[in-house]
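Peer 1: Test case, fold it:
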Amino acid sequence: MNAQTGEVVQKARSYYLDVWDYLQAWGFKIFNDLQGEGYDPPTHEQLAALFETRIRERGRTWNAHDGKGLGLKDETVETMADHAASAALRDWSEEWIIERREAGRKGGLNSRRGPSVVTPEALEALASLPDGLRPTQQADALGMSLSSLKRLRKQLPAPDSSQVATEPEGAADASS
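Peer 2: Down below sits the predicted model:
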């Protein structure tokens, strides 16, 4: 984005433009860091030399498009560094970092979960419901969703085996 006009620049479609976008953003970060520390921005010559060095260094390690590597002639590197330095000096503003933060903020908010439904009060309310209610009736009575009810039921203490009613041994044979 052009900081002065607010015009949105198209995304890079080639290795040359990827390098250009990288230099532009990196130049803005340099300006922002220098301004934050109270220094003056670099001159055009200093920035162009820095960009040229960066292109050559990164060109040895970048494998940006189809494994082609740097693929730029020396005069192209020099011209690109010169033009990128001019553009960075022209387009950067002191509000750049603020604009970037606001643009990132527009992406949306983080999800915020509500309070947990598993509370001692909710467990007591579930335990106090009459036996024989279907899960949907229990959820309606407690004012929660079925998934919340299931989560809550998992937290109920398991029934004590000494309190579980068992059938007498002969009762199962008699019913058959």
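
Peer 1: For the chain, just list every one of the helices.
Peer 2: When assigned using DSSP state H, the helices of the chain occupy the ranges 15-36, 44-61, 74-91, 96-105, 120-127, 135-142, 146-154, 171-175.

Peer 1: Where does the record place the domain boundaries for this structure?
Peer 2: Described in terms of automatic domain parsing, the domain architecture of the chain consists of the residue ranges 15-104, 116-155.

Peer 1: Can you tell me which of the ones you listed is most buried?
Peer 2: Per residue and on average, the most neighbours among the domains of the chain fall to domain 15-104, with a mean of 15 (mean count of other C-beta atoms under 10 Å). C-betas here are computed from N, CA, C, even on glycine.

Peer 1: Next, find the distance separating Y22 from I97.
Peer 2: If you measure Y22 against I97 using C-beta to C-beta, to the nearest Å, the figure is 18 Å.

Peer 1: same question, L47
Peer 2: Applying C-beta to C-beta, the value for L47 to I97 is 18 Å.

Peer 1: what about this protein, any weak spots by pLDDT?
Peer 2: 1-13, 59-72, 105-114, 159-176 (pLDDT under 70).

Peer 1: Swap in 80 and give it another go.
Peer 2: Within the chain, the ranges that satisfy pLDDT under 80 run 1-20, 57-76, 92-118, 156-176.
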